[in-house]
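Asks: return atomic coordinates for the entry below.
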Amino acid sequence: MLPRLLVSLLALAAMLPAAPLPVRGLHLSSPKPSDVPRMTKFIREVLPKEGVNTLVLEINYHFQFKSHPEVADADALSLDDARAIATAARESNVRLIPLVNLLGHQSWAKTTFGLLRAHPEFDETVGLYPDNKDIYCRSYCPTHPQVHAMVFDLIDEILDAFSADTLHAGMDEVFIIGDDACPRCKGQNKAKLFAGEVRAIHDHLAEKGRHMWFWADRLIDGETTGIGEWEASKNGTAPAILDIPHDVVLCDWHYEAAHATTLAFALSGFEAVSASWRNPAVALRQMDLIRLARSEASQQVASRLLGMLHTTWMSFQDFSAAYWHDGPTNASAQESVLCFRELMQRARQD
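Replies: Next comes the predicted model:
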């Protein structure tokens with residue numbers, strides 16, 4: 001249970017008048033090409049009504065790349081699809097931030113995704129774990145001499161297609177890094193490897209006047225905080241926070257408890273958002289913590305607490321069907337929609 005004083009402060013925060021949060025965001029999976037009209041309708045009708053001003057759209061390899069077509073998924077979005085989505089966002093005053101999972105999350109279950117499917121030589125554990133058995137997700141090797149040239153081509157093409165000035169680089173739940181099976185990374189400091197990859201992506205984007213967001217879990221010490229190995233790190237990456245640029249935006253996801261780590265990031269000089277999923281009570285406490293800190297902290301710290309990003313972790317079709325009640329749905333989608341509605345209702349009270 002939360003300490004009584006903190007409960008009282010959060011109750012006070014919920015009643016405080018506050019300036020609108022700079023980021024009132026929603027994360028969605030990219031649609032199938034056949035669902036692009038449904039997504040543009042969702043952007044135009046739902047996001048303004050709910051007060052959403054930022055859309056993080058998870059693309060990954062769901063795009064018909066011209067630079068490296070071999071990595072594209074089947075049934076991927078075309079350039080015209082990307083432009084239609086971007087136009088809907090722009091005309092709805094919604095900032096569109098494409099998300100491409102970099103470093104980790106290069107597989108799921110038995111499926112290896114586009115980059116490592118087409119170029120297994122980039123795998124951190126190349127030749128190991130057939131059918132991805134006994135691992136969570138594959139990672140690419142951040143020190144492979146050819147990997148960044150290809151990755152940078154892919155993210156440049158996506159940002160151009162969506163007319164976006166910011167990339168969300170994913171980078172969450174990276175469990176395979178500095179692996180003993182990698183001839184280049186074996187024995188290297190994992191925090192240094194992680195920080196080096198952040199800097200490489202950041203610097204490439206900065207050269208073109210672009211910005212970087214990513215999930216913050218690998219920068220939290222799971223042992224010291226007691227948060228564990230999923231929403232925080234127990235594999236040695238947390239010290240990377242001391243060695244990354246301060247002009248990145250850290251997306252601090254916690255789904256079962258409103259940990260105060262977003263505030264810690266702001267105190268450390270980083271802009272940050274809290275990310276929710278399907279528990280309204282947790283999401284509202286996260287928002288209340290941000291509102292309280294923005295009202296009481298110094299202007300420097302308050303300005304770094306950007307707001308909220310609601311995540312969905314399901315297909316766009318499932319989330320939109322649960323929102324509109326116009327198709328088959330499931331309990332997870334209903335929970336996430338409920339959380340989204342309650343969070344945005346509170347945000348509109350600012």
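Asks: same for the helix or strand hosting N101, what does it pack against?
Replies: If you go by DSSP states H and E, N101 is part of strand 95-102. Packing partners of strand 95-102 (3 or more C-beta pairs under 8 Å, 6 or more residues apart in numbering; DSSP states H and E): strand 54-58, helix 79-91, helix 147-161, strand 166-170. Quick note: C-beta positions are derived from backbone N, CA and C, even for glycine.
Asks: indicate which one of those is closest to P48.
Replies: Smallest distance to P48 across the helices and strands packed on strand 95-102 (C-beta to C-beta): 10.0 Å, for helix 79-91.
Asks: quick check: buried residues in the closest one?
Replies: If you call a residue buried by 16 or more other C-beta atoms under 10 Å, then helix 79-91 has these buried ones: D81, A82, A84, I85, A86, A88, A89.
Asks: still on that earlier bit, in its sheet, what does the strand holding N101 sit against?
Replies: For strand 95-102, the pairing partners within the sheet under DSSP bridges are strand 54-58 (parallel), strand 166-170 (parallel).
Asks: dump the C-alpha coordinates for the first one into PDB.
Replies: By that I understand strand 54-58. Output of strand 54-58 as PDB, limited to C-alpha atoms (Å, rounded to 0.1, in the frame of the first residue of the first chain):
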ATOM      1  CA  THR A  54       0.700  12.500 -29.700                       C
ATOM      2  CA  LEU A  55       0.400   9.200 -31.500                       C
ATOM      3  CA  VAL A  56       3.300   6.700 -31.200                       C
ATOM      4  CA  LEU A  57       2.700   4.400 -34.100                       C
ATOM      5  CA  GLU A  58       4.600   1.100 -34.000                       C
END
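Asks: what average pLDDT does it get?
Replies: The average pLDDT within strand 54-58 is 99.
Asks: and if you look at stretch 109-117?
Replies: Stretch 109-117 carries an average pLDDT of 98.
Asks: the strands in the stretch 1-150 of the chain, which residues?
Replies: Taking DSSP state E, counting those that start in this stretch, the strands of the stretch 1-150 of the chain run over residues 23-29, 54-58, 95-102, 107-108, 111-112.
Asks: one more: the stretch 251-350 of the chain?
Replies: Listed in chain order (using DSSP E, counting those that start in this stretch), the strands of the stretch 251-350 of the chain are 271-276, 305-310.
Asks: ok, back up a step: nearest to R210, out of the strands paired with strand 95-102?
Replies: Each of these was scored for nearness to R210 using C-beta to C-beta, and the closest is strand 166-170 (6.4 Å).
Asks: next secondary structure after the closest one?
Replies: helix 190-207.
Asks: what sits up against that following helix?
Replies: Applying C-beta atoms under 8 Å, 6 or more residues apart in numbering, the external contacts of helix 190-207 come out as 102-103, 142-143, 148, 151-152, 155, 167, 169, 171, 174, 177-178, 185, 211-212, 214, 218, 235-240, 242-245, 247-248.
Asks: and it, which residues are buried?
Replies: Judged by neighbour count using 16+ other C-beta under 10 Å, the buried positions of helix 190-207 are 190-191, 193-202, 204-205.
Asks: mind checking the pLDDT average for that helix?
Replies: Here the mean pLDDT over helix 190-207 is 98, rounded to a whole number.
Asks: tilt between it and helix 147-161?
Replies: For helix 190-207 against helix 147-161, the angle between stretch directions is 40 degrees (axes from the mean of the first three to the mean of the last three C-alpha atoms, to 10 degrees).
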